[in-house]
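[1] Coordinates for the following, if possible.
(2 chains)
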Amino acid sequence: MNALARAVRAMKSDLEVHLLSVFSVGVAFVCLVTALLVVVNVQHVQNRWQQLGKLSVYLQNNVAQDRVAELERALRATEGVSAVRFVSKQAARRELVNEHNDETLAALPDEAFPASLEIDMADTTPLDVRERVADQLRPLPGVEGVETYAHWSSKMTSVFSGGITAALALTLLVLGAVISVVSSTVRMVLQKRHAEVEVLKLVGATDGYVRGPFIIEGAVQGTFGALFALCVVGALFAFLRGTFETYLTTLLGVRISFLPWTMSAGLLLVGATLGAGAAYVSLRKHLVVS
Amino acid sequence: MAFGPSDLAFRPTTLRRGQRFDPSAADRPILVFEGVQKAYRADSPVLRGFSLVIQRGEFVFVTGPSGAGKSTLLRLLHAAEHVDDGRILFLGREIGRLTPDSVPFLRRNIGVVFQDFKLIENFSVLENVGLPLQVLGLSEHAVRNRVGEVLERVGLGGRGMERAAVLSGGEKQRVAIARAIVSEPALLLADEPTGNLDPQLAVDILGLFEDIHATGVTVLFATHDRSLLDIRPHRVVVLDEGRAFDVPQGLDNANLGAA
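    Below you'll find the model as predicted:
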């Protein structure tokens, strides 16, 4: 009977203990999976904002039409600019009132809304190119100001950095929790199977032969704990997306998504490695049969 | 074409690099104890300069009062304990100098039977007996075949699938003996193997050990049951005050501690 077969047999006979361990490891992993899910989607939003490629050139009041036309011509000839659209004061007011359906906004006069040139940049245009175009536009006559939306991107970057820090902290927490849970489980099953270990040593089993099934059991606990967390968070995610997808997509500008499969597979691998490592450490400490 | 004696002698097919085949090794004693000392407490040593030589193929009773060190002796042989002083040679190798990694390989050459059987209760008879072969890495098929043979030999043929927990004391001890001999060890140690059995069963079990001994296995049988010693004409070694006394003529003729 090889180590895997012996591990399967042992897990069947101590099923309750192993299920409890998987559940505990899974709870720890739920925190990590949730944090990663947030980080992944914040990153999507950040990327979206960075690639949004929009510039708004607000025009001064009473700017001459030929000046506006000249600006439009110059912008269309600029590298990276894919479209330029003139939005008059009236059109700007109409768009904003329609979008927000706000009575206060509707009560404002046309003069409260500046006319603008809305520029679409190509998606591949880097942020610094957009900034350079904005810098060239700002001192031009007739231009009141230029909005690059870069501050949204920097806000997202700081949120993203915070998310990464939180995920790292949670990773450490999960690491500790998994090691603690798996170590305790291994210690418990080791006590329960003390007679088996004693007999194995008696008949000439090496330490590796004795440890093999316990390490496999630890790896299985870690893997299934991570899988449990992925399933639980995945189910919640599917429910939330199904219920609030339209709202969230409008709010964030991107369709929220679950963890990529590579990351999910990585989590399973982390679970297996942590579980096996914790079992190994626990065995080195507690497997003392002469 | 004629064969000489050296052609007929056992010769291993493979030798480790740097090792030479030494035919004279087969003539060496299987066990040598030289001035072995062992104490669990400094003020009351269990073995005090214990010396003994056991030849291959011998059947030796080791006896003595409780606490005389019979079990300690067997534990030292099995490398479950270490000598404080002196040395024990098994097949010419000093047990005390084995590295921890080598101990399992020593144990694969020594079968052990205990008073409390040391079976895994939730394993079947077949699984219990097959453990030493599984440790050696034999295939399931080979393990089944070999275990089947050994179970026949100990009188438990066809009982392989029963769980160890449901067996009687005598049957459990037979399973323990089967496990001890399944890998054909050179030495069989028995630590009070009849201690938990009624007198008739004890004699049956002793007979089983003698059958195994008849196949060439060296047997070291620790017991304090004098009735067993009286009914069988084997070498008797008495442990007393930490030393060994050979009493080949039986305990009745021994003058232990009189000197």
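[2] where exactly do the helices run in chain A?
    For chain A, the helices defined by DSSP state H cover A:3-13, A:15-51, A:65-76, A:89-100, A:103-107, A:127-137, A:150-192, A:194-202, A:207-252, A:261-286.
[3] got TSV for those helices, with mean neighbour count and distance to chain B too?
    All C-beta atoms are positioned from the backbone trio N, CA, C, and that covers glycine. Shown next, in TSV, are these (neighbours: other Cβ atoms under 10 Å in any protein chain shown; distance: least, Cβ to the nearest Cβ, whole Å):
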stretch	mean neighbour count	distance to chain B
helix A:3-13	16	7
helix A:15-51	19	14
helix A:65-76	14	78
helix A:89-100	14	71
helix A:103-107	11	77
helix A:127-137	16	61
helix A:150-192	17	10
helix A:194-202	19	5
helix A:207-252	18	6
helix A:261-286	18	13
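[4] what's the closest of those helices to B:Glu81?
    helix A:194-202 (13.5 Å; Cβ to Cβ).
[5] Mean confidence (pLDDT) on that closest one, please.
    Across helix A:194-202, the average pLDDT comes to 89.
[6] And it, what does it pack against?
    Contact here means 3 or more Cβ pairs under 8 Å, 6 or more residues apart in numbering or on different chains; DSSP states H and E; on that basis helix A:194-202 packs against helix A:207-252, helix B:103-107, helix B:125-135.
[7] How about chain A: which residue is closest to chain B?
    A:Gly204 (3.6 Å; Cβ to the nearest Cβ).
[8] Would you mind listing what in the stretch 51-200 of chain B touches chain A?
    Counting by Cβ under 8 Å from any Cβ of the partner chain, the stretch 51-200 of chain B comes close to chain A at B:78, B:80-81, B:101, B:104-108, B:112, B:118-123, B:127-128, B:131-132, B:134-136, B:140, B:179, B:183.
[9] Just the buried ones from the residues you listed?
    In those, burial by neighbour count holds for B:78, B:80-81, B:104, B:106-108, B:112, B:118-120, B:123, B:127-128, B:131-132, B:134-135, B:179, B:183, counting by 16 or more other Cβ atoms under 10 Å in any protein chain shown.
[10] just the strands in chain B please.
    B:31-41, B:44-54, B:59-63, B:85-90, B:93-94, B:110-114, B:187-191, B:218-222, B:235-240, B:243-246 (DSSP state E).
[11] Any chance of JSON lines for those, columns mean pLDDT?
    Formatted as JSON lines, the strands of chain B follow (pLDDT from 0 to 100):
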{"stretch": "strand B:31-41", "mean pLDDT": "88"}
{"stretch": "strand B:44-54", "mean pLDDT": "85"}
{"stretch": "strand B:59-63", "mean pLDDT": "90"}
{"stretch": "strand B:85-90", "mean pLDDT": "90"}
{"stretch": "strand B:93-94", "mean pLDDT": "86"}
{"stretch": "strand B:110-114", "mean pLDDT": "90"}
{"stretch": "strand B:187-191", "mean pLDDT": "91"}
{"stretch": "strand B:218-222", "mean pLDDT": "91"}
{"stretch": "strand B:235-240", "mean pLDDT": "86"}
{"stretch": "strand B:243-246", "mean pLDDT": "76"}
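[12] surely A:Glu95 meets A:Val87?
    Yes - judged on Cβ atoms under 8 Å, A:Glu95 makes contact with A:Val87 at a distance of 7.3 Å.
[13] residues bridging contact with those two, i.e. touching both?
    Taking Cβ atoms under 8 Å, 6 or more residues apart in numbering or on different chains as the contact criterion, A:Glu95 and A:Val87 have no common neighbours.
[14] and the gap between A:Thr78 and B:Asp85?
    Note on A:Thr78: its distance to B:Asp85, by Cβ to Cβ, to the nearest Å, is 95 Å.
[15] The residue lying closest to B:Gly67 once chain neighbours are set aside: how many residues sit nearby?
    Leaving aside its sequence neighbours, B:Gly67 sits nearest to B:Val46 (Cβ to Cβ, 6 or more residues apart in numbering or on different chains; 7.7 Å). Applying other Cβ atoms under 10 Å in any protein chain shown, we find 24 residues neighbouring B:Val46.
[16] Please apply the same query to B:Ile110.
    Applying other Cβ under 10 Å, we find 24 residues neighbouring B:Ile110.
[17] partner residues bridging it?
    B:Leu187 (DSSP bridges).
[18] what about chain A, any weak spots by pLDDT?
    A:1, A:50-52, A:99-101, A:123-124, A:288-290 (pLDDT under 70).
[19] tell me the domain boundaries of it?
    Here the domain parsing of chain A from automatic domain parsing is A:3-48+A:153-286, A:53-148.
[20] separation between A:Leu36 and A:Arg255?
    18 Å.
[21] Check A:Leu202 too.
    Here A:Leu202 is placed at a distance of 62 Å from A:Arg255 (Cβ to Cβ).
[22] Same check on A:Gly163?
    19 Å.
[23] Would you map the helices across the stretch 151-259 of chain B?
    B:169-181, B:199-214, B:226-231 (DSSP state H, counting those that start in this stretch).
[24] correct me, but B:His78 touches B:Phe114?
    No - in this structure, B:His78 is not within contact of B:Phe114 by Cβ under 8 Å, at 10.6 Å.
[25] Need the overlap of contacts for the two.
    Common neighbours of B:His78 and B:Phe114 (Cβ under 8 Å, 6+ apart) do not exist.
[26] circling back to that earlier point, make CSV from the strands of chain B and add distance to A:Leu55 to it.
    As requested, the strands of chain B are exported to CSV (distance: least, Cβ to Cβ, whole Å):
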stretch, distance to A:Leu55
strand B:31-41, 87
strand B:44-54, 92
strand B:59-63, 97
strand B:85-90, 88
strand B:93-94, 85
strand B:110-114, 85
strand B:187-191, 89
strand B:218-222, 94
strand B:235-240, 99
strand B:243-246, 100
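[27] Output the below-cut-off pLDDT ranges for chain B.
    B:1-26, B:248-259.
[28] most centrally placed residue in it?
    B:Leu189 (1.8 Å; Cα atoms, centre = their mean).
[29] in terms of contact, does it touch B:Val112 like I think?
    Yes - using Cβ under 8 Å, B:Leu189 is in contact with B:Val112, at 4.7 Å.
[30] Find residues that contact each of these two.
    What both B:Leu189 and B:Val112 touch, as defined by Cβ under 8 Å, 6+ apart, is the set B:Leu74, B:His78.
[31] Name all residues that make contact with the residue lying closest to A:Ala177 once chain neighbours are set aside.
    Among residues not flanking A:Ala177 along the chain, A:Ala28 sits closest, at 3.7 Å (Cβ to Cβ, 6+ apart). The contact partners of A:Ala28, by Cβ under 8 Å, 6+ apart, come to A:Leu173, A:Val174, A:Ala177, A:Val178, A:Val181, A:Gly225, A:Ala229.
[32] isn't the first one right up against A:Val27?
    No - the criterion here is Cβ under 8 Å, and A:Leu173 misses it with A:Val27 at 11.3 Å.
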